[in-house]
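[1] Test case, fold it:
(2 chains)
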Amino acid sequence: MAQTMKAPDATAPERALALDMVRRGLPVAPLLIGASAAVWGLDGALSSGFGIFLVLGNLVLSAAALTWAARISPAAIFATALGGFAVRMGLLVLAVAAVREQSWVEVVPLGLTIVVTHLGLLVWESRYVSATLAFPALKPRSSRTGA
Amino acid sequence: MLSLLMALPMLVAQQEPGELGEGLTAIGRGIVYGAAAIGPGIGIGIVVGNAITAMARQPEAAGMVRTTMFLGIAFTEALALFGFVLSFIVAG
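    You can find the predicted model right below:
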């Protein structure tokens, strides 16, 4: 049973999705940081940058954990998904608690950036994935190359 | 429980106003974040449980299932992030 249920990890779609989101997030990051800088000044920009780092790190960590678990067994996927959620939320709390008292931290831009970046990247990636769900984590380059 | 409730007014009377406010803020922050994490925890369990069922029924579709599972987990996690952000924004 475990053999038939074992998920193939040749494609590692989680890793591909996370890297896609990082690739999309990095060019957008200066816009968010610039918007925060315009409203909250340098402190807002630094807080915004920290928020983007947290979101991208969270996604990459989640993808790495699930890719690793998929090589083991479905039970490991379950344990990693739920345990990973708790651990990553804890890490997020620790990361914010560690910088919270710093003079450069503005809580509003930090919070807004975390929510907006996380949801924005997910919606962006979902639109892309819904168009290529038949070939998860593959880039639709065949039409461009004419293949 | 009753004795705790009876002792509460005495404890409150001994506190400085600032300390009491800080303590209540910390408790409130914990309640907000804790409550906000319960729903996503259940949601992620449902997402992953169904994904594993799908992979067991159709192993050849595991890649597609894992793709949607990852996105489902991340979307569900956004709810916990709302609670997290709310807890530290409201607390100031």
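
[2] Look at A:Ser73 and report its pLDDT.
    In this model, A:Ser73 is scored at 89, pLDDT.

[3] Oops, could you answer that again for B:Thr76 instead?
    94.

[4] and what of the one 5 residues further on?
    What the model reports for B:Leu81 is a pLDDT of 92.

[5] Please look at it and A:Ile114 and confirm they touch.
    Yes. If you go by CB atoms under 8 Å, B:Leu81 and A:Ile114 touch, sitting 5.9 Å apart. C-beta here means a position set from N, CA and C on the backbone, and glycine is covered the same way.

[6] what residue ranges in chain A are flagged as low confidence?
    For chain A, the stretches with pLDDT under 70 are A:1-11, A:131-147.

[7] what helix or strand does the residue minimising distance to the centre of chain B sit in?
    Nearest to the mean C-alpha position of chain B, by CA atoms, centre = their mean, lies B:Ala37 at 1.5 Å. Take DSSP states H and E as the rule and B:Ala37 turns out to sit in helix B:17-57.

[8] Show me what counts as buried in the helix or strand following that helix.
    Moving toward the C-terminus from helix B:17-57, the next helix or strand (DSSP H and E) is helix B:62-90. Buried positions in helix B:62-90, judged by neighbour count with 16 or more other CB atoms under 10 Å in any protein chain shown: B:62-77, B:79-88.

[9] list the helices and strands the helix holding B:Ala37 packs on?
    helix A:2-5, helix A:74-99, helix B:62-90 (3 or more CB pairs under 8 Å, 6 or more residues apart in numbering or on different chains; DSSP states H and E).

[10] centre of the chain versus it, how much separation?
    Offset of helix B:17-57 from its chain centre (CA atoms, centre = their mean, to the nearest Å): 2 Å.

[11] okay, the angle between it and helix A:74-99?
    Counting by axes from the mean of the first three to the mean of the last three CA atoms, to 10 degrees, helix B:17-57 lies at 160 degrees to helix A:74-99.

[12] if you look at the host helix or strand of A:Ile52, does any of it touch chain B?
    Using DSSP H and E, A:Ile52 sits within helix A:13-70. Yes. Helix A:13-70 reaches chain B (CB under 8 Å from any CB of the partner chain) through A:13-14, A:17-18, A:58-59, A:62-63, A:66, A:70.

[13] quick one on the thing from earlier: the residue nearest to the centre of chain B and A:Gly90 touch, don't they?
    No. Using CB under 8 Å, B:Ala37 makes no contact with A:Gly90, being 10.1 Å away.
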